[in-house]
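Trainee: Structure for this input, please:
(one chain, ligands or ions: 1)
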Amino acid sequence: MWVGVVSLFPEMFEAITRYGVTGRAVEKGHVALEVWNPRDFATDRHRTVDDRPYGGGPGMLMKVDTLRAAIHAAKARAEQATGQRPRVVYLSPQGRRLDQAGARELAAGPPLVVVAGRYEGIDERVVESDIDEEWSIGDYVLSGGELPAMVLIDAAARLVPGVLGHQDSAVEDSFNEGLLDCPHYTRPEVIDGRRVPEVLLSGNHGAIRRWRLKQSLGRTWQRRPDLLEGRELNKEQRKLLQEFLEEHAL
Ligand SMILES: Nc1nonc1C(=O)NCc1ccc(Cl)cc1
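Mentor: This is a model prediction of the structure:
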């Protein structure tokens, strides 16, 4: 997966290129990430990257010429590196809400150029002319697009084949896709008098699989019933959810 980023703070992306699963993915070449800084395209003495908004009001916007130069440079590199035209995405609260399905779409699609904004925003004509899709990671206002960009890239990179080795963490099993995760336990067997559920110590892998599925279904029903809307549960899943609800007097 090839990702170009446009950001005034390139070093922030070390958070995903140097650490953990995504860091290893970059090291192994499963994911390529390159950053272009609009400031490097400034031609004035002060290397200006912001500009005043027409119509007045508080704050500044990203300067159009340096932003567009960085986006165009990233797009050109994407095409040169992959032979494909990139999908240019911009992170803002006005965008499509990112979810696992969206992450799958992004991971399976063409190379990405991810534009991380700063200040109060970017010129709408740049959105119209240079951005293909706007995405949001949630309904709250952050100080810039870098953290949302890293969230989007991380969620997509995990889905690139070879990135999640089985030892890293439970690769998305088919049964829990779209459900909340089950509870997890590790040593010691007792913490402040609280024991590990016996089934997990039993070595009975069928019973363990069913217990985990039951817990995922029950927790999803309790905490995020919306995730179960419009989802057909199969016979086993219906039975396990029923058992969970009876056991929890729900
Ligand atoms: N929530 C979100 N989901 O995606 N992005 C956000 C967000 O708050 N961005 C802040 C932001 C975005 C663009 C600019 Cl120019 C400045 C600040």
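Trainee: Which residue is the nearest non-sequential neighbour of the residue in the chain that the ligand sits nearest to?
Mentor: Relative to the ligand, the nearest point of the chain is residue 117 (2.3 Å; C-beta to the nearest ligand atom). For the C-beta atoms, the positions are set from N, CA and C on the backbone; glycine is no exception. Counting by C-beta to C-beta, 6 or more residues apart in numbering, residue 117 lies nearest to residue 145, which is 4.4 Å off, once chain neighbours are set aside.
Trainee: What backbone torsions are found at that neighbour?
Mentor: For residue 145, the backbone dihedrals (degrees, to the nearest 10) come out as phi -90, psi 0.
Trainee: Residue 194 versus that one, what's the distance?
Mentor: 42 Å (C-beta to C-beta, to the nearest Å).
Trainee: Between the two, point out the one with more neighbours.
Mentor: A count of neighbours by other C-beta atoms under 10 Å puts residue 145 above the other of residue 145 and residue 194, at 28 against 8.
Trainee: now for the longest strand anywhere in the chain, which elements pack on it?
Mentor: Counting by DSSP state E, the longest strand found in the chain is strand 87-97. For strand 87-97, the packing partners by 3 or more C-beta pairs under 8 Å, 6 or more residues apart in numbering; DSSP states H and E come out as helix 100-108, strand 112-115, strand 133-136, helix 146-157.
Trainee: quick revisit: would you mind confirming that the residue nearest to residue 117 makes contact with residue 89?
Mentor: No - counting by C-beta atoms under 8 Å, residue 145 does not reach residue 89; the two are 10.0 Å apart.
Trainee: joint contacts of those two?
Mentor: Taking C-beta atoms under 8 Å, 6 or more residues apart in numbering as the contact rule, residue 145 and residue 89 both touch residue 115.
Trainee: Deepest in the core, which of the helices and strands packed on strand 87-97 is it.
Mentor: Greatest average neighbour count among the helices and strands packed on strand 87-97 goes to strand 112-115 (a mean of 28), per mean count of other C-beta atoms under 10 Å.
Trainee: which other helices and strands contact that one?
Mentor: Using 3+ C-beta pairs under 8 Å, 6+ apart: strand 112-115 touches strand 2-6, helix 64-82, strand 87-97, helix 146-157.
Trainee: Show the contacting residues for residue 211.
Mentor: 182, 197, 199, 200.
Trainee: surely the third one meets residue 207?
Mentor: Pointing back at residue 199 there. Yes - judged on C-beta under 8 Å, residue 199 makes contact with residue 207 at a distance of 5.3 Å.
Trainee: what about residue 4, neighbour count?
Mentor: The burial count for residue 4: 25, using other C-beta under 10 Å.
Trainee: Check whether it really touches residue 114, as I assumed.
Mentor: Yes - counting by C-beta under 8 Å, residue 114 is a contact partner of residue 4 at 7.1 Å.
Trainee: Just the pLDDT for the residue of the chain closest to the ligand.
Mentor: With respect to pLDDT, residue 117 has a value of 98.
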